[in-house]
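S.K.: next input, structure requested:
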Amino acid sequence: MAVRDAASPLLLGLLCLLHTWGARAAVEVNMEDKVEVLLGDPAQITCMFKSDDFGGSGGMTIEWHYVKSSTDSQRIYSQDSLQSTVEKNTPYSDRITVNTTAREVVLTIRDVQLKDDEVAFNCFVKIIGEGSGEGGTKLKVFKTPEDPTIQGVEQGISVSDEVTKVASCEVKNGHPKPKITWYRDKMPLHNIPDVVKLDHSVTTQSSGLYSVNSDLNMKVEKKDKDAVFYCEVTFLVPGAEKMLETKRINITVFYPPTTVNLWVESPKGKIKEGDTVEFLCASDGNSESQFFIIENNEGPSLKMENVTRHNSGVFHCTVEDYENYVRLSTNTTVLVNYLDEVVIKPTGSVSVDWKKEFSATCNALSSLSTTTTWFKNGKEVEKGHHLNIKAVTYDTAGTYVCVVTVPEIQAMQANASLQLTVQGPPEIIEKQLNEKETNERELELTCHVRSYPTPNIIWGTTNGKIISSSNHMTGVGAKSVAKVQVNITSNTTVFCNASNEFGKDSVTYVIRFTKHTTTPATITTTISPTTITAANTTNNTSTSTNAAKTKSTVKAETPKPQEKIQKGSYGVVIAVIIICILLLAILGSVLYFLYKKGKICNRSGKKDFTKEKSSKDKIVVEMKSDNTEEAILLGINGEKQLPNDQ
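M.R.: Here you go, the predicted structure:
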């Protein structure tokens, strides 16, 4: 009871004190706990206040302070009803502005820095007659770090090594301090005794930024040779957390071999004589201390050039790892395929009588199956080892090539040839009787003869004259060329005779000389009163006309000469000219006879022949080649009269 009685006065006094404080603290100030901003950006800190009894009649004072610690506070701005002042010689003298309204004050800090600005800013509000209030905000400054980098160790790491450094990761110039996490094949790595050890170090720059370095130490295993390692960096920005990743890297792991293999790298497929063969030997290990031996040649490869069938056999490879005390061996079998030279029987050049049977064989030894084909002049004539010709002719003579091919290996083939000569009687290629026409006095004739032995070729005529010729050998016999003089008055007959010890053959050439002919003259008559001229004889006559006189001319048309008169045709031209002159003379005589009889122009014979001059209106007789009735003078015997004569 004594204690209870003593506490009652104390409780009453506390209630009185609280009532008194609440009455004085009538101004209420509200501020954010913190404001976050990126380095270099502007920051705005808001101070909101209110008072129940504040009606605007009393004076108000506002102050801003920055607080580095609980004992270090400095005013940077003050304001009353008369003026506002930015304190000089502070880190914010040139970087702050303050905007005040009825219920809030906003402090703006330009170009926020780390070293000075990451502090608390307090706002003091005092209203005369109402009381005062205070609030504070912590300014947080952020800086996005640079892209992280990763670097693996240059040398390889052996599986027999203890925990050793594998790679390092670094991120620079961030704020707050970034965090590094290691990954292997997308799985995060953590410290595991004797297996994984992560060493982190932090460097603080003079600017207040942080750089973080992390080393990954591991006891590697064989499976780590294919593993992918990378770092993840997490860091804070205003209102969020972000992440960056490094590139992916692999590490070199040394481990002893467990198996070894030996194989032929080239050529692919089957091997033939003449090839260059390359062997490769490899193990499943990766060690600096391992080495290979192939058939007493040190190294993982062996090249053999121009191999033969004698190189066939078993090849060995041995791998040794002296650091891990490992020795392994293996082998492979190699077969070098071959194709021997082609053998043809009979060989070389063979002579066979005409129409006789011929056969030959072709073979070549090979380690693989082969195909055999016979060719002549590039064309296939037979398949198989045997060549059979039932009856040889000059067409079957020539060179036969036997080609032996190995289908399983490309370009593996061999060949040999046989020359077949057919001996028999001559055979002239030209037909038995040859008729030729020419207007030349000399003609060149050719005679092709197939035979073996070489034939004797003689040219002659029906009268037994021997004609000289030029002969030369061909692949199947001979060719003879003779120049023959052509008879212009009769046919010329020439013989080509070929013979050898087996028989003979001949052909006949009948040569006919063709003459040049001149186109016969065609007589064209044009009637004109008074004059007729023909065969150098002129007679004058007078004719009465009902119309104007018309001039009519009968003109002997001169034959057009050929553009080129060939040699030996001059006699023909002279004969044609003589015949034309005779025809003109006969025609003139006929005309004169008809004139005397009064049969021309259907007139009587009583005419005055002296009044007309012989130089006027001559009738010209023209010779043409066609021998039609139209060639007669128009108007003779009254057969065709002019309109004025009717």
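S.K.: ok, residue 283 touching residue 329?
M.R.: No. Using C-beta atoms under 8 Å, residue 283 makes no contact with residue 329, being 10.7 Å away. For every residue, glycine as well, the C-beta is placed using N, CA and C.
S.K.: more crowded one of the two?
M.R.: Per other C-beta atoms under 10 Å, whichever of residue 283 and residue 329 has more neighbours is residue 283, with 21 against 12.
S.K.: how much space between that one and residue 250?
M.R.: 20 Å (C-beta to C-beta, to the nearest Å).
S.K.: okay, now the domains of the chain?
M.R.: Per automatic domain parsing, the domain ranges recorded for the chain read 27-142, 149-253, 256-337, 343-425, 430-513, 531-562+571-645.
S.K.: with mean pLDDT added, can I get those in a markdown table?
M.R.: Output for these, formatted as a markdown table (pLDDT from 0 to 100):
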| stretch | mean pLDDT |
| --- | --- |
| domain 27-142 | 89 |
| domain 149-253 | 96 |
| domain 256-337 | 95 |
| domain 343-425 | 95 |
| domain 430-513 | 87 |
| domain 531-562+571-645 | 49 |
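S.K.: between the two ends of stretch 346-354, how far is it?
M.R.: End-to-end distance for stretch 346-354, by C-alpha to C-alpha, to the nearest Å: 18 Å.
S.K.: contacts for that stretch?
M.R.: Residues outside stretch 346-354 that contact it (C-beta atoms under 8 Å, 6 or more residues apart in numbering): 358, 360, 392-394, 418-425, 452, 502.
S.K.: can you give me the helices for the stretch 151-300 of the chain?
M.R.: Counting by DSSP state H, counting those that start in this stretch, the stretch 151-300 of the chain has no helices to list.
S.K.: tell me which residue is most central in the protein.
M.R.: residue 410 (26.7 Å; C-alpha atoms, centre = their mean).
S.K.: where does that one sit: helix, strand or coil?
M.R.: coil (DSSP: H, G, I helix; E, B strand; the rest coil).
S.K.: relative to residue 476, how far out is it?
M.R.: Counting by C-beta to C-beta, the gap from residue 410 to residue 476 is 37 Å.
S.K.: what about residue 595, which SS state?
M.R.: helix.
S.K.: run a quick neighbour tally on it.
M.R.: So residue 595, with other C-beta under 10 Å, has 20 neighbours.
S.K.: mind listing what's buried along the longest strand seen in the chain?
M.R.: Using DSSP state E to define each element, the chain has its longest strand at strand 413-428. Buried residues in strand 413-428, counted by 16 or more other C-beta atoms under 10 Å: 413-416, 418, 420, 422-428.
S.K.: can you tell me which helices and strands the helix or strand just after it packs against?
M.R.: Using DSSP states H and E, the helix or strand that follows strand 413-428 towards the C-terminus is strand 433-438. Helices and strands touching strand 433-438, by 3 or more C-beta pairs under 8 Å, 6 or more residues apart in numbering; DSSP states H and E, are strand 503-513.
S.K.: try it again with 10 Å
M.R.: Packing partners of strand 433-438 (3 or more C-beta pairs under 10 Å, 6 or more residues apart in numbering; DSSP states H and E): strand 442-452, strand 492-500, strand 503-513.
S.K.: the first one: how far from the chain's middle?
M.R.: This points to strand 442-452. 55 Å (C-alpha atoms, centre = their mean, to the nearest Å).
S.K.: which ones are touching the spatially closest residue to residue 498 that is not a sequence neighbour?
M.R.: Excluding its sequence neighbours, the residue lying closest to residue 498 (C-beta to C-beta, 6 or more residues apart in numbering) is residue 426, at 3.8 Å. Applying C-beta atoms under 10 Å, 6 or more residues apart in numbering, we find residue 426 in contact with 394, 447, 449-457, 477-478, 497-500, 502-506.
S.K.: kindly give a single PyMOL line that selects the buried subset of those residues.
M.R.: Selection command for PyMOL covering only the buried members of the contacts of residue 426, criterion 16+ other C-beta under 10 Å:
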select buried, resi 394+447+449+450+451+452+455+456+457+477+478+497+498+499+500+505+506
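S.K.: circling back to that earlier point, turn the buried residues of strand 413-428 into CSV, columns for distance to residue 221.
M.R.: Shown next, in CSV, are the buried residues of strand 413-428 (distance: C-beta to C-beta, whole Å):
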residue, distance to residue 221
413, 55
414, 58
415, 62
416, 65
418, 72
420, 77
422, 84
423, 88
424, 90
425, 95
426, 94
427, 91
428, 95
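S.K.: nearest to residue 343, of those residues?
M.R.: residue 416 (7.1 Å; C-beta to C-beta).
S.K.: surely residue 483 touches residue 443?
M.R.: Yes. Counting by C-beta atoms under 10 Å, residue 483 does reach residue 443; the two are 7.3 Å apart.
S.K.: ok, the two, which is more surrounded?
M.R.: Neighbours per residue (other C-beta under 10 Å) separate residue 483 from residue 443, with residue 443 holding more: 18 against 13.
S.K.: please report how far residue 500 lies from residue 509.
M.R.: Counting by C-beta to C-beta, the gap from residue 500 to residue 509 is 22 Å.
S.K.: from what I can see residue 106 touches residue 46, true?
M.R.: Yes. Using C-beta under 10 Å, residue 106 is in contact with residue 46, at 5.2 Å.
S.K.: count the neighbours of residue 259 for me.
M.R.: By other C-beta under 10 Å, neighbour count at residue 259 equals 11.
S.K.: which non-adjacent residue is nearest it?
M.R.: Residue 259 sits nearest to residue 284 (C-beta to C-beta, 6+ apart), 5.1 Å away.
S.K.: what about the residue nearest to residue 406 when sequence neighbours are not counted, distance to residue 358?
M.R.: Nearest non-adjacent residue to residue 406, counting by C-beta to C-beta, 6+ apart: residue 412, 4.1 Å away. As judged by C-beta to C-beta, residue 412 and residue 358 stand 30 Å apart.
S.K.: can you check residue 436 too?
M.R.: In terms of C-beta to C-beta, residue 436 sits 39 Å off from residue 358.
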